[in-house]
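Chemist: A predicted structure for the sequence below; I have some questions about it.
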Amino acid sequence: MDFVMSVLESTIRYAAPIILCTLGGIFTYKANIINIGLEGIMLFGGFATALILYFLGFYWLSILGTVLAGVLLGLLFCYFGITRKGNFIITGFAINLLAMAFGYYTLALMGRTDIPVVRHRATMIRLDFPLIRDIPYLGRLLSNHPLFTYVAYLSILIVFIILYRTRFGVHLRVTGESPEAAKAVGLKVDRIKYIGVVIGSIFVALAGFNVTLEHLGTYTPVITGGVGFIAIAAIYCGRGSPGASSLYAILFGLMRALSVRLSLMIGAVAGLFQALPYVTVIIILAVVAIVRSQRTNVRSYSHE
Amino acid sequence: MDKESRIKKVLNVLLPVILALLFGAVFIAIAGENPLTTYATLVQRSLFDFRGLMQTLHFAAPLILTGLAIGISFKAGLFNMGIEACLLMSGLFVAVLGFRLGHLPSPVLIPILLGAGILVGVLTIIIPALLKAFFNVSELVVTLLMNYAVILLVTYLATYVFRDPSRGYISTHVISSNAIFSRMFGTRLTLFFFIALAVFALAFILYKYMRLGYEMNALGKNLPFSEAVGINVRWKIVTIMSISGALGGLAGAGWMMSHAYAYTPWFSTNPGLGWEGLLIALLGSESPLGILIAAIFYGALKYGGYTIARYTSVPSEIIGIIQAFLILFLSIQFIRRHRLLDKFKGWFKTDKSHKEEGA
């Protein structure tokens, strides 16, 4: 029971940044753009968090800085991918490398191997719910998490509302599904895509905040560990629906929690268990694709 | 190709290089050095100095191979990002075999190791290739995720299974001297560079004169057409991905036998020879000759990075910054290459057609 509880508790923790990345990526997905730069935007968000906390030390300023970092990279992606009509796969990839290169270069200049922000964890906001806390088992799972872990789960609803219950959401989806139609009714297609990507990037950057300050308490250029790519797999499996994609994100979070908990128990083979999330994501991705391809009847190679 | 479009093509590559170096200059200035003199040192040391030039070519050797590996798959419209994984797997297994089979004489051992590297490369990429060919699972996402799994696997094997306990850090045993490419002219240059050149020549022939080269191009440009005229798309995907993986494996084997000599976690440095291959494929606009030039250029940049770190206070990580900007600026050179964009539009359309069916 204790093992199950600890796995579930870690799942809530590990799934949060994946959910934030997934939701952020959905905005670009709905605009019919795939952004493989999620990983980089998240990393850059964490970088901004760590730099501000390390040098200035203000909690709220670091949140603001993380949001700005997301906006900045979002705009960069849009300029190259949308305005200049570049290949957004390459643009996204460049953003990943850029975020990593900034990190390594700054660390080299500082002469450090990481940027520790652990001492700021004392001042960060943790939400403790007096009544829920006292429920057996459930209380332990649902209470006393840092702010952005709750924000992540709450965002599933927020993103659903933005996409399906607001005018902007309708415009974004129309733009993605049929740009010609969107243009015909007078929508400013590029502007809508810009807004979508930038909003998405803010969610993704906040995933970086969540990991850097709220989970690890330190920044290195490898903290993201593929979360951005896992999120892309989650979006693909959930077909861009906020609810379904987030469920996959939680499933992938569970895999991560399992791998960490199991590796703590087993010892030397532990290193191998860390590969579990990536392997299961590939398997799930393959199964989803196989099931889908079986539902469609195409002659020979299904090239869409 | 007419003259105008050739000039356009050269400009399309030169401009990003200049822009990336300009942005790099800003970061050199942040480190408190004069960008002009720093770049001068870099060029001087890695191109206008015999030993330096040989170093440049030595660094270029694996990059030619990884560049071709990615160039070939991109040409066929396949986003194979798994070359880093092929390279790491091959590096580890060649290191282990190079130690265990060390008693064999060089003329026997070296071909065995190169062959083993190629085989490991192919086996690494075969799963994403089959998934893509038979179930249309995005090779992009699968290979990206596979890299993480492979890094963990390889690090685990190097740490617990094949570790040389006499070394104070994670490392396999050093390969036997019979497995090492000897240095030429008293410089870092080895036979590996010439092997890479030979592969370049083969790739050149493949692109220009062989049927597979034509089919590759057709696949990338217009997949439905290729299928309609009778190209077996599935097996072509598997073949092309396998060639790509084989080149990645060969790069790993050669780098192990000409530079690293033992598998350590920094075997492929940062961000990795496989990733640098992506840059080189883009820079060389996917043509073999372009890739060769780009690999030598990047080899100079890479070796230059180490020299400027030694002679100035700029960290060698500056190369990562220049590289990232370079890829960013190269991404907008794809304007005239609709096929890559089309492919991704297609990717999303599949999804929608499924959606309509479900509804």
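Modeler: Cool, the structure landed.

Chemist: in the stretch 51-200 of chain B, which spans are helices?
Modeler: Counting by DSSP state H, counting those that start in this stretch, the stretch 51-200 of chain B has helices at residues B:83-100, B:106-135, B:139-156, B:191-209.

Chemist: cool, and the stretch 251-359 of chain B?
Modeler: B:273-283, B:288-311, B:318-330, B:338-358.

Chemist: Give me the contacts around the third one.
Modeler: If I follow you right, that is helix B:318-330. Identification of contacts with helix B:318-330 by CB atoms under 8 Å, 6 or more residues apart in numbering or on different chains yields A:76, A:80, A:90-91, A:93-95, A:97-98, A:100-102, A:104-105, B:13, B:15-17, B:19-21, B:23-24, B:27-28, B:31, B:270-271, B:276, B:278-279, B:282-283, B:301-302, B:304-305, B:308. Glycine gets a C-beta too; all of them are placed from N, C-alpha and C.

Chemist: average pLDDT for that helix?
Modeler: Mean pLDDT, computed over helix B:318-330, is 88.

Chemist: Only C-alpha atoms, please: export it in CSV.
Modeler: Extracted C-alpha coordinates of helix B:318-330, given in CSV (Å, rounded to 0.1, in the frame of the first residue of the first chain):
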residue,chain,number,x,y,z
ILE,B,318,30.3,29.1,-27.9
ILE,B,319,30.2,26.6,-30.7
GLY,B,320,26.9,25.3,-29.4
ILE,B,321,25.5,28.9,-29.6
ILE,B,322,26.8,29.5,-33.1
GLN,B,323,25.4,26.1,-34.2
ALA,B,324,21.9,26.7,-32.8
PHE,B,325,21.7,30.1,-34.5
LEU,B,326,23.0,28.5,-37.7
ILE,B,327,20.2,25.9,-37.7
LEU,B,328,17.7,28.6,-36.8
PHE,B,329,18.7,30.7,-39.8
LEU,B,330,18.9,27.7,-42.1
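
Chemist: near chain B, anything from stretch A:48-61?
Modeler: No. Using CB under 8 Å from any CB of the partner chain, stretch A:48-61 never reaches chain B; the gap is at least 13.7 Å.

Chemist: What's the end-to-end length of that stretch?
Modeler: Chord length of stretch A:48-61, first to last residue, is 10 Å (CA to CA, to the nearest Å).

Chemist: contacts for that stretch?
Modeler: Contacting residues not belonging to stretch A:48-61 are listed as A:62-63, A:65-66, A:68-69, A:106, A:115-117, A:120, A:123-125, A:205, A:208-209, A:212-213, A:218-219 [CB under 8 Å, 6+ apart].

Chemist: same thing but at 7 Å, please
Modeler: Residues outside stretch A:48-61 that contact it (CB atoms under 7 Å, 6 or more residues apart in numbering or on different chains) are A:62, A:65-66, A:69, A:115, A:117, A:120, A:123-124, A:208-209, A:212-213, A:219.

Chemist: Now do that stretch: distance to the chain's middle.
Modeler: 21 Å (CA atoms, centre = their mean, to the nearest Å).

Chemist: which of the residues in it are buried?
Modeler: Residues A:48, A:49, A:50, A:51, A:52, A:53, A:54, A:59 are the ones in stretch A:48-61 that count as buried (16 or more other CB atoms under 10 Å in any protein chain shown).

Chemist: What about those, which are in helices?
Modeler: A:48, A:49, A:50, A:51, A:52, A:53, A:54, A:59 (DSSP state H).

Chemist: As JSON lines, these with distance to residue A:17 and pLDDT would be great.
Modeler: Listed next are those as JSON lines, based on distance: CB to CB, whole Å; pLDDT from 0 to 100:
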{"residue": "A:48", "distance to residue A:17": "15", "pLDDT": "95"}
{"residue": "A:49", "distance to residue A:17": "12", "pLDDT": "94"}
{"residue": "A:50", "distance to residue A:17": "15", "pLDDT": "94"}
{"residue": "A:51", "distance to residue A:17": "19", "pLDDT": "94"}
{"residue": "A:52", "distance to residue A:17": "19", "pLDDT": "94"}
{"residue": "A:53", "distance to residue A:17": "17", "pLDDT": "93"}
{"residue": "A:54", "distance to residue A:17": "20", "pLDDT": "93"}
{"residue": "A:59", "distance to residue A:17": "18", "pLDDT": "90"}
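
Chemist: and of the residues you listed, the nearest to chain B?
Modeler: Among these, residue A:51 lies closest to chain B (CB to the nearest CB), at 13.7 Å.

Chemist: For residue B:42, what is the enclosing helix or strand?
Modeler: Here residue B:42, judged by DSSP states H and E, is contained in helix B:35-47.

Chemist: Can you name the residues in contact with that helix?
Modeler: Outside helix B:35-47, the residues that touch it by CB under 7 Å, 6+ apart are B:21, B:25, B:28-29, B:52-53, B:55-56, B:300, B:303-304, B:307-308, B:311-312, B:314.

Chemist: How many residues are close by residue 114?
Modeler: No chain specified, so I'll use chain A. Other residues within reach of residue A:114, judged by other CB atoms under 10 Å in any protein chain shown, total 17.

Chemist: you looked at the wrong chain, it should be chain B
Modeler: 19.
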